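*Asks:* structure for this input, please:
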Amino acid sequence: MSQAGGIGSPTTTEADATFSAIAPVLDKVNVTIDGTSQGMYALGLHETFPPGTCDEALFLVPISPPEPGVCTPPPLIVAIILWQTHSAMQPPDRMILLVGEPGTSNFDFTVAGNDFPAAAIYYDGPNKIWESESGTLTSQVTATSQTCSIVLPPYAKSANCNIATFGESGSVVLTQFEQSTTIPGPHPTVTIGIPSITLHGIWLAITEIQPVPLVANATPSRLLPQVATLLRVALGRSRISIQR
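*Replies:* So this is what the prediction gives:
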């Protein structure tokens with residue numbers, strides 16, 4: 001899986017250590033893809049911030065400061081990663097990434113007031129990528145007493161890491177990405193069904209933030225909202241260990 005991470009992927013030793021560390025909390029669950037049941041490995045990620053944290057305070061852009069009084073709470077703080085693979089030395093055959101909020105998240109960006117819609121990507125081999133267009137996902141995250149260690153994102157000065165349980169259920173409709181960007185008209189869709197499942201993952205509770213200065217042409221990139229970043233995390237770029 002680490003090979004799909006591209007530049008910055010871990011060494012074989014680092015990748016082995018990563019998967020050895022998460023193996024005790026790695027679950028296999030059943031979801032449906034267009035009505036067909038599929039067994040997939042599963043891992044959850046949850047990121048929380050100190051009360052009163054504003055998204056505008058995480059990144060500093062000198063030439064474009066935020067408007068006075070504007071405070072956007074950090075959105076999209078839950079991610080579920082599901083994958084199938086026939087070999088530990090190859091990229092996954094299939095991967096599903098869902099990013100949303102605790103409670104019920106809506107994937108339809110056309111809904112009024114849905115300023116930060118949930119997002120999903122379905123990867124079905126190297127030439128088929130699907131993006132979410134509608135559906136909902138309900139997430140319930142509960143921390144356990146088991147601690148862990150993860151490489152902190154640059155905007156986190158300190159944080160606590162705990163293994164957590166993720167209760168998930170929902171259904172998401174996705175459109176084939178290549179088709180939607182090159183061919184007009186109706187596009188192929190796929191429906192991912194998530195029955196009531198429970199899986200394990202990581203709850204990163206950030207206790208103190210540190211603003212990240214950005215150069216003029218940089219794009220702010222928080223850990224969970226950025227789907228591309230999450231794919232790299234899922235594919236092995238973060239090194240995680242568990243303390244017992």
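*Asks:* list the contacts of I206.
*Replies:* I206 makes contacts with E47, T48, F49, P50, T53, L152, Y155, A156, S158, A159, as judged by CB atoms under 8 Å, 6 or more residues apart in numbering. All C-beta spots, glycine's among them, are computed from the backbone N, C-alpha and C.
*Asks:* pull out the buried members of those.
*Replies:* The neighbour-count test (16 or more other CB atoms under 10 Å) marks E47, T48, F49, T53, L152, Y155, A156, A159 as buried among the contacts of I206.
*Asks:* lowest-confidence one in the contacts of I206?
*Replies:* Among the contacts of I206, L152 has the lowest pLDDT, at 83.
*Asks:* what pairs with the spatially most central residue of the chain across the strands?
*Replies:* Centroid check for the chain by CA atoms, centre = their mean gives A79 as the closest residue, at 3.6 Å. For A79, the beta-bridge partners are L45, V99 (DSSP bridges).
*Asks:* quick one on the thing from earlier: closest one of the buried ones among the contacts of I206 to F109?
*Replies:* The closest of the buried ones among the contacts of I206 to F109 turns out to be E47 (CB to CB; 21.5 Å).
*Asks:* what distance do you get for that closest one to S169?
*Replies:* 21 Å (CB to CB, to the nearest Å).
*Asks:* SS state for P154?
*Replies:* coil (DSSP: H, G, I helix; E, B strand; the rest coil).
*Asks:* apart from its chain neighbours, what residue comes closest to it?
*Replies:* V212 (5.0 Å; CB to CB, 6 or more residues apart in numbering).
*Asks:* identify the bridge partners of that neighbour.
*Replies:* V212 has the following beta-bridge partners by DSSP bridges: F59.
*Asks:* settle this for me: it is touching Y155, isn't it.
*Replies:* Yes - between V212 and Y155 there is a contact under CB atoms under 8 Å: 5.1 Å.
*Asks:* find residues that contact each of the two.
*Replies:* Common neighbours of V212 and Y155 (CB under 8 Å, 6+ apart) are L58, F59.
*Asks:* closest to A205 out of the contacts of I206?
*Replies:* T48 (5.0 Å).
*Asks:* list the contacts for that closest one?
*Replies:* The contact partners of T48, by CB under 8 Å, 6+ apart, come to I77, W203, L204, A205, I206.
*Asks:* beta-bridge partners for the third one, please?
*Replies:* Under the criterion DSSP bridges, L204 forms beta bridges with E47, C161.
*Asks:* right, I'll call it a day here.
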